[in-house]
Each structure stands twice: as C-alpha cells, then as structure tokens.
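**Q** dropping a prediction and its sequence here:
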Amino acid sequence: MKSISMHSLQLGVCYYPEHWPEELWADDFRRMREMNISVIRVAEFAWAIFEPEEGRYDFSFFLRVLDLAHDHGLKVILGTPTATPPAWLTQRYPEVLNANVEGVLYRHGARRHYNYSSPKYREVCAKIVRKMAEAYRDHPAVIGWQIDNELNCEVNVFYSESDQIAFREWVKSRYETLEQMNKAWGTIFWSQTYTDWEQVRLTQPTVSGSPNPHLALDEKRFISDIAISFAKLQSDIIRELAPHHWITTNGTFGHLDNHQLTEDVLDFFSHDSYPQFSTIFPDTDHNPLMDRGSGMGLSNVRSMSPNFCIMEQQAGPGGWTNRFGMGTPRPGQIRLWSYQSILHGADLLVYFRWRTATFGTEIYWHGINDYHNEPNRRGQEVAQVGEELQRIGALVSGTTYRADVAIMQDYDNSWDGELDEWHGPLHGQSVRSWYKQLQYRHIPVDIITLRQTIALEDLLKYELIIYSHPAIMSDQTALLLAAYAEQGGRLLFGARTGYKNLNGHCYMRPFPGAVAKLCGITIEDYTLIKGTVPPAEIRWIGERSLPAGTRTVGFNEILRPADPQVQIVAEYATEYYAGKPAMTKRPFGQGEVWYYGAAFHEPVVDALIDELGLTSPSADWWDAPPEVEFGVRALDEMKYAFLLNYSERPVNVRFKKAFKELLSGMTLVNEVRMEPYGVFILEQQ
C-alpha cells in the first residue's frame, strides 16, 4: 500500500489568498510559522484566476503567493482547480454540466456541477492542468498536488448525455455483446431485454421508483471507473511535467473505489476529518460514539494508505449558510481531534482553514482564525499542537496503527446495498456496533476492504475478521476466506451472507451460498424484521448470558447445522422459531467460522467479545474508562500508545507500571487524572 513519507509529523493549513487583500499575506505566513505550520494548500478553487477567459492564462497571482510562502519557509500543495469550472466555461460549453436523473442540468453557482465524461471538459481540464504544471513545476516551494477536490462529494450520480454515451461504451467493453449484458442484468424480467446498444442508458425514473438492480450496480461501477479515469487524466500530466512532486486527492465519498484510485493514480490517499459530522448525524443506538465515530472513517483510510495526509482537519464550528450547522468545539477538542487523526495514521495534518471566509457559501465554516483576525483560543490550541509535534514528530512519523481485529467490507456489497433493503441497512448497523464496542473495550480494530488484489497474507495479520453481511459472495472469495480460517483465522459472518453472485443475482443453491460448506450450516427459514414482523428474543447457550429480553435486529435467519462439528452458540427464545439456532460456530482447520442470523448490536457484540476471549493489549498496562480511546502506532521495536479522553469531564487512569508520557515529559504511574479532552502519548519499551 502507498503511504505518505515524512521525516516528521507536520502541520499545514488550507489558505485562500484570493479571498484576502495581498497586504495580509506576509503577516498570515509569519503567524503560521510561529505556530509551527509548515505547509499550505492553495488554488483548488481558483480556475477563474488562472484562466479568466478561454485560452488566456495568467499564473502571476499565485506565483507571488508561492514566492512569499517560500520566503517564509512554507511548503505548498497545489490543487488542480477542476472542481469549480469558471462561468465562461459552463456558458460556452453546457455539455460539461452534470444532470439529475430526470436529465435536468445543474447550473453554475456552486461547485462540482460538471461531469467526468464530457470530452470537452476533459480537454479543458487537461489544458489548465498542463499549464499549471508548466508554470509551477520548478518552484522550490511546491511539494505536491491535490487532484480536483473531494471527488464525488455533493453529488455521486451522473446523468448528462456525455455520461449516457460513456456508460454505453463502458458496458460494451465489459460485456462485449448485448446477449451477455442482458444475461448479467436479468433483462428477461419485465420484458426489459435490449436489442440495440442505443437503448442502453443509466438508470431512469420509473413508475415503481425501483430501477433494474443489476443495471444500478453496474452504474455505480461505471461512476467509479469514470471518476478514476478523470483523476488519472490529470495525474498523468503532472507526472510527465513534474515527476519530483507527489500526487494525492482528498475525501472518501460514495460510488468511488478509493483503493483503486490510490493504486492507479495517487502516491498516497488523503482524507478530510470533520468529527462534528458524527455529532450532527450520530448513530441512534444507546451511548453513541459522537465525535469519536470519526475514527471509523480514519480506520477506513488506513486500508488505502497506512500513513496518510489529512487535507482538511476541522478547526472550528462548521456549516454552510443553509446546511451542516455545527457548534463551536469545546476547549481542548481541536487538539483532541488532531491527535485522533495522528493516532490513526496521519503524518501530515492540514487544518481547514486559516481564516473564516467573510463571503460565500462557507461563511460559517470556521477556520483557525475568526473574521476579525485577532488571537483566539482555537489558534492557541493549534499552536500547542504545533509546538508538541516539534518535539515528538520525528519519533512518531512513519509508525503505523496496529490491530489484531478487522472489520471487512467491499464496494460491491456497499453499492448493491444502497438499493436493497434486505441486506444494505444491516451493514451500517453491524459495523457501528462492532466498532463502538471494540472502542469501549480498548481493542484496536482496522477496517479493511476486500478486493480482487487482496492476498491471504493480508488477512492473516488479523486473529479475527468480521465480515458481517456480504450478500454478494463469489466462490473465489469463499476459497480465500476458507484458507484464512484453515491457517488459524477466526471468521465471523452475519445474516444475508453469500446469497448473490457478482451481478447481484440470487444463487440457486442453499444459503449462505458460496460459504455454506465453510460455515457448516444452511438457512432453514428467514424473515425481514419490519412492520408486523417483530424481532425475536435470543438466549446464549452455555455459561455466558445476554441481558434479559435481548432482541434481534434487522433480520432473522433460522440456522440448520449441516456438519456434526457445528456448535450452537445462541438460539431464538420467542416467535415461531423459538428453540432454533440463531448463532453457530464451526472449527475449520486451525481456525473457526461463526455465523449469526441477524444484524449485530451492542449486547450481542459484547457477548461475542467475551466468548471469543478478546482482550485489550493494554490490559496489563493500565485501567482506563470507556470514554478513553486506546491505540498504538509502532515500527519495529518503537511503540507509542495513545490515550484520548473524549469526555468533557476529567477521568482517572490507573497505571500498573510506570510510563514516560511524551507530550509532557512526565512519568505516569498509579492513579493519574486526564483532563477533559486530554491526550497522553506513552513510550513503550
């Protein structure tokens, strides 16, 4: 996997010189350096400055910015400006605009209103990127490039006429013949059979509101491929003209295989971390993770780049004029969130933004500094982080997050599940519950993505893999998972596993399809839990127990053991299937395979953690309350344990032996108080 390579942990900030009088720049850069900020990101929305009218280029404005930044010892990340085409472009070439599913064009006035497929847009994007690379490739301040900005953000579906044409060509390349395409899409159903390539279009409005699900799955695959090719168009130009600069892009958004994007286009992946999104859209379960839930996104990024860049780190309250209202971070939270990103693998942390905009859509998306430009507590927190990284950055840089447990996902099931309520909603429920309870039990966890290129060695790093609801399951994947269990891995599935092929067709074989023999079970009966169909109570068999009245979530499958080695772990206690198996375990080679016939929620996850004997690596080192996140970054013999207090109250940690704390230089032993939103980084010998 591709990672950023830094000699030390570094701080940066997003800067928009076009928003401010030029006489402010020097003072801004001076103050940045005083805060130990060493990198700025610029220009990702500045196309109208570079090319005020078609074919007339002017790079002098940002040349002055780069010269001044260099004078102040700042390095620069240049953004290609293709996320915001200028007004002259969309007026002259309306074919570059994206459209909604009804075919209505999105108009100029915001951002991301273009489509990736338009030959004209690709042509003008290639020109501006080439001209920028030629203008700035030799500037000593420039270290790298960000392609576009947040691909597939705002909108991740595309229905312009250019997209229809491109999709048709994509389908021809994938299936070669109409016969093969019709078979893959099951078009014989409802007389949807295509007899001419010109009939093939992306999903369209239907009377039922439900498009062909197999076409819809391919649509998402197409969107991902066309977005990656759009990014590659730009990266190829930069690699040709500026091979000494690195290339990245930022954000994990829908209908985009970011792993493929990283492999094909980037030097490493970058992420945007806004922990307050997890507070305005919290999980609805008991005791939600809130801002701590941002760690799930960071864990996902590690599977693309173990060491990565945070291109936008929240530095204040957030919100557009009409969306995303977020309160002001409490004292200490900006520092806490910074170390949350660092714990999970960030070696370059770029705050969004230097100063809050005084005009435009994002006037409430606050930066480090307020409109008045006077000192504030947010700036003081960033300066504290900068000072701390000056002392510890060289030690921690290049170390990576360590976990023995992984939650597995894949793009096909995520995309198919968007339209399929018989398995899609189960995934989010189960991932949240597992991630949450592992966090509260101080058990580090990775989120990994199953892809065709994944190797058995990649899986054997983990003692347990939770692959909760992979409805789409190929025989090839089943063989890989069997090899993992054969060599000692423990594998855990949930309801609706294995009943679809790669086209999203249901197998004509007993559930759970491709992994039925691996699990040693078949599914005797099943029901979606909805409407008048209630959840069932379940009970554990054996010494452990669940809280009285624990009920299943989402879906119930009644399991039937098909192998004498299968052990029944839990059974249903109510409904017409009372007494039937709800959870099973089967020894397989040196490992074991578990199957649970529902979606996972907290009581069941807690019982499984105990049944599996999972314990925190820190159990012999200290006792910490659930409000504290624990994780380790390590390289060879170097190990640094992070403790992050997400509570607004102080908490006590009881150390069982003495540890050196890097940020304070203190030795921690016995009972130690952590301040609200406090951070400890402990050196382990």
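**A** Structure's in. What do you need?

**Q** which residues are in contact with C14?
**A** Going by CB atoms under 8 Å, 6 or more residues apart in numbering, C14 touches 40-42, 311-312, 350-354, 367. In short, each C-beta sits where N, CA and C put it, glycine included.

**Q** let's go with 6 Å and repeat that
**A** 41, 352-353 (CB atoms under 6 Å, 6 or more residues apart in numbering).

**Q** what's the residue lying closest to it once chain neighbours are set aside sitting at in phi/psi?
**A** In space, C14 comes closest to R353 once its chain neighbours are excluded; the distance is 4.3 Å by CB to CB, 6 or more residues apart in numbering. Note on R353: backbone dihedrals following degrees, to the nearest 10 are phi -130, psi -170.

**Q** next, count neighbours for F189.
**A** When neighbours are counted by other CB atoms under 10 Å, F189 registers 10.

**Q** just how off-centre is the lowest-mean-pLDDT helix or strand in the chain within its chain?
**A** Least confident element among the helices and strands of the chain, by mean pLDDT, DSSP states H and E: helix 277-280 (a mean of 90). Chain-centre distance of helix 277-280: 15 Å, with CA atoms, centre = their mean, to the nearest Å.

**Q** contacts for it?
**A** Under the criterion CB under 6 Å, 6+ apart, residues 290-291, 293-294, 326 lie in contact with helix 277-280.

**Q** run the last query once more with 10 Å
**A** The contact list for helix 277-280, computed with CB atoms under 10 Å, 6 or more residues apart in numbering, reads 274, 288-297, 314, 318-319, 324-327.

**Q** which non-adjacent residue is nearest H427?
**A** H469 (5.1 Å).

**Q** following the least confident helix or strand of the chain, which helix or strand comes up?
**A** Reading on from helix 277-280 to the C-terminus, the next helix or strand found by DSSP states H and E is helix 294-302.

**Q** could you dump the least confident helix or strand of the chain to CSV, C-alpha only?
**A** C-alpha atoms of helix 277-280 as CSV (Å, rounded to 0.1, in the frame of the first residue of the first chain):
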residue,chain,number,x,y,z
PHE,A,277,-20.3,15.4,11.4
SER,A,278,-20.6,12.4,13.7
THR,A,279,-22.4,14.6,16.2
ILE,A,280,-25.0,16.1,13.9
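
**Q** sorry, back to before: among the contacts of helix 277-280, name the buried ones.
**A** The neighbour-count test (16 or more other CB atoms under 10 Å) marks 274, 289, 291-297, 314, 318-319, 324, 326 as buried among the contacts of helix 277-280.

**Q** so how far is the strand or helix carrying A485 from its chain's centroid?
**A** Using DSSP H and E, A485 falls within helix 475-486. Taking CA atoms, centre = their mean, one finds helix 475-486 lying 25 Å from the centre of the chain it belongs to.

**Q** tell me which strands the next helix or strand after it pairs with, and in which orientation.
**A** Next along the chain after helix 475-486, taking DSSP H and E as the criterion, comes strand 490-493. When sheet partners are counted by DSSP bridges, strand 490-493 sits next to strand 464-467 (parallel), strand 591-596 (parallel).

**Q** make JSON lines out of those strands and add mean neighbour count, mean pLDDT and distance to S229.
**A** Below are these laid out as JSON lines (neighbours: other CB atoms under 10 Å; pLDDT from 0 to 100; distance: least, CB to CB, whole Å):
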{"stretch": "strand 464-467", "mean neighbour count": "24", "mean pLDDT": "98", "distance to S229": "30"}
{"stretch": "strand 591-596", "mean neighbour count": "23", "mean pLDDT": "98", "distance to S229": "39"}
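
**Q** residues in contact with the top strand by length along the chain?
**A** When the chain is parsed with DSSP state E, its longest strand is strand 651-661. Contact with strand 651-661 is made by 618-628, 630, 641, 643, 645, 666-676, 678-685, as judged by CB under 10 Å, 6+ apart.

**Q** recalculate using a threshold of 7 Å.
**A** Strand 651-661 is contacted from outside by 620-625, 627-628, 643, 645, 667-674, 680-683, using CB atoms under 7 Å, 6 or more residues apart in numbering.

**Q** mind listing which of those are in strands?
**A** Secondary structure from DSSP E places 622-623, 628, 643, 645, 667-674, 680-683 of the contacts of strand 651-661 in strands.

**Q** ok, back up a step: for the longest strand of the chain, buried residues please.
**A** For strand 651-661, a neighbour-count test (16+ other CB under 10 Å) marks 651, 653, 655, 659, 661 as buried.

**Q** can you check stretch 14-30 too?
**A** Within stretch 14-30, the residues scored as buried using 16+ other CB under 10 Å are 14-17, 19-20, 25, 28-29.

**Q** keeping just the C-alphas, turn the longest strand of the chain into PDB.
**A** Provided in PDB are the C-alpha atoms of strand 651-661 (Å, rounded to 0.1, in the frame of the first residue of the first chain):
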ATOM      1  CA  VAL A 651     -11.200  10.800  34.100                       C
ATOM      2  CA  ASN A 652      -8.700   8.800  36.000                       C
ATOM      3  CA  VAL A 653      -6.400   6.200  34.500                       C
ATOM      4  CA  ARG A 654      -4.700   3.700  36.800                       C
ATOM      5  CA  PHE A 655      -1.300   2.700  35.500                       C
ATOM      6  CA  LYS A 656       0.000  -0.700  36.600                       C
ATOM      7  CA  LYS A 657       3.600   0.300  35.800                       C
ATOM      8  CA  ALA A 658       5.500   3.500  35.000                       C
ATOM      9  CA  PHE A 659       5.300   5.000  31.500                       C
ATOM     10  CA  LYS A 660       7.000   8.100  30.100                       C
ATOM     11  CA  GLU A 661       4.500  10.500  28.600                       C
END
